[in-house]
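Peer 1: Model the following, please.
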Amino acid sequence: MSDSDSGFPVERFEQRRARLNALAFRLLGASSETEDAVQETWMRLHRTDIDGIRNLDGWLTTTLSRICLDRLRARRTNPERPLGDVVPGPLPSTATAGEPEEHAVLTDELERAVLVLLRRLPPAEQIAFVLHDMFAVPFYEVADILQRSPNAARLLASRARHRVIDASDELRPDALRERRVVRAFLAAVRAGDIAAVLAVLAADVTVSADRTAAPGPVPVTARGAPIVARLAAGFAARADFSAMVLVDGRPGALVAGRDEPPAVMAFTVEGERIVRIDVLADPETLARLPLSISGFSA
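Peer 2: Sure thing, here's the model as predicted:
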């Protein structure tokens, strides 16, 4: 034991609280469950002979992960329980981990989007991906947490990785052009530059928002660049962060607000103009939507 790993159990736990908070956040999202899971981990440690624990970091990671796994499974079986959201502020810090050939390096923006998309995956895939790809937990330890074989844990992480991070077809000339147009649109909306927004919208552009994404209780459909520009500005004002995604191969944006469910904006681009925007936020629709993170910046 090093000098920095000495003292009473509460002191040794507090030395690791930041990492535990980061782990619980990435597994559960920004909800009261994150803090509760860390506190439950402390309570279990408090009831355990800490001097008999050979690897305290490993014990805490395993205990917290199993607590989070139980909570994720409870969300699946009880639809009234929240799925968690993503805080648009700074993410709790953790080093990127894993071998370069096995996962993509996540920027802050991409990690936020990954956290939203992970909510759609089975709990075991979430656990395997987060522990290995974000926290460098070896697969044999992930396997022990999930009560699977190491090969099964590796497969779960790989499956999750390929579901949420996919750069396929991104280098096609048409894809690069479409991404450039959509990126210009999103930048203009964020900046509140209506002239720049109008510059990338077709005159007869159409926007369609489902019942969950619409500001009122019914779906919304509108046509015409000026109207769509105003609607986009209003929608952006409710979004605390957005990231580029692929929506069944089409350019899109994943948008998350602090007090609202995540939504997806799917764009149809012709030439250098956006001709249609579909805004989707219904949870059942998003669960079926072929979404992937777009890691290549044009």
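Peer 1: Show me the strands in this protein, by range?
Peer 2: Remark: strands assigned in the chain by DSSP state E are 201-209, 220-223, 241-247, 250-256, 263-270, 273-280, 291-293.
Peer 1: Switch these over to a markdown table; also include mean pLDDT, distance to residue 147 and mean neighbour count.
Peer 2: Just so you know, the C-beta spots here come from the backbone N, C-alpha and C atoms, and that holds for glycine as well. Converted to a markdown table, the strands of the chain look like this (pLDDT from 0 to 100; distance: least, Cβ to Cβ, whole Å; neighbours: other Cβ atoms under 10 Å):
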| stretch | mean pLDDT | distance to residue 147 | mean neighbour count |
| --- | --- | --- | --- |
| strand 201-209 | 94 | 43 | 18 |
| strand 220-223 | 89 | 47 | 13 |
| strand 241-247 | 80 | 33 | 22 |
| strand 250-256 | 85 | 32 | 25 |
| strand 263-270 | 92 | 34 | 20 |
| strand 273-280 | 93 | 36 | 20 |
| strand 291-293 | 75 | 29 | 23 |
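Peer 1: tell me the pLDDT at the spatially most central residue of the chain?
Peer 2: Residue closest to the average C-alpha location in the chain (Cα atoms, centre = their mean): residue 115, at 1.9 Å. Looking at residue 115, its pLDDT is 78.
Peer 1: try the one 10 residues further on
Peer 2: The per-residue pLDDT reported for residue 125 equals 94.
Peer 1: got the contact list for it?
Peer 2: Contact analysis of residue 125 by Cβ atoms under 8 Å, 6 or more residues apart in numbering lists 118, 156, 157, 159, 160, 163.
Peer 1: just residue 289 next, same as before
Peer 2: Contact partners of residue 289, counting by Cβ under 8 Å, 6+ apart, are 247, 248, 264, 280.
Peer 1: For it, give its distance to residue 271.
Peer 2: 26 Å (Cβ to Cβ, to the nearest Å).
Peer 1: Next: residue 143.
Peer 2: Computed as Cβ to Cβ, the residue 143 to residue 271 distance reads 51 Å.
Peer 1: Show me which of the two is the more surrounded one.
Peer 2: Using other Cβ atoms under 10 Å, the more surrounded residue of residue 143 and residue 271 is residue 143, with 18 against 10.
Peer 1: Next, count neighbours for residue 158.
Peer 2: Residue 158 has 17 neighbouring residues, counting by other Cβ under 10 Å.
Peer 1: And stretch 183-195, what's buried?
Peer 2: 183, 184, 185, 186, 188, 189 (16 or more other Cβ atoms under 10 Å).
Peer 1: can you pull the contacts of the second one?
Peer 2: The one in question is residue 184. Residue 184 is in contact with 196, 199, 200, counting by Cβ under 8 Å, 6+ apart.
Peer 1: In helices, which of those residues fall?
Peer 2: If you go by DSSP state H, these have 196, 199 in helices.
Peer 1: before we move on, the earlier item: would you check that the residue nearest to the centre of the chain makes contact with residue 29?
Peer 2: Yes: between residue 115 and residue 29 there is a contact under Cβ atoms under 8 Å: 6.8 Å.
Peer 1: on that earlier part again, so which of the strands of the chain is nearest residue 40?
Peer 2: The closest of the strands of the chain to residue 40 is strand 250-256. By Cβ to Cβ, the value is 26.5 Å.
Peer 1: ok, residues contacting that closest one?
Peer 2: Under Cβ under 8 Å, 6+ apart, the answer for strand 250-256 is 85-86, 88, 112-113, 116-117, 175, 178-179, 181-182, 186, 235, 239-246, 262-269, 291, 294.
Peer 1: Neighbours of the spatially closest residue to residue 42 that is not a sequence neighbour, how many?
Peer 2: Spatially, and ignoring its direct neighbours in sequence, residue 42 is nearest to residue 13 (5.6 Å; Cβ to Cβ, 6 or more residues apart in numbering). Residues lying near residue 13 (other Cβ under 10 Å) number 19.
Peer 1: The lowest-mean-pLDDT helix or strand in the chain - contacts with which helices or strands?
Peer 2: Within the chain, no helix or strand scores below helix 108-118, which has a mean of 72 by mean pLDDT, DSSP states H and E. Counting contacts by 3 or more Cβ pairs under 8 Å, 6 or more residues apart in numbering; DSSP states H and E, helix 108-118 packs against helix 123-129, helix 150-164, strand 241-247, strand 250-256, strand 291-293.
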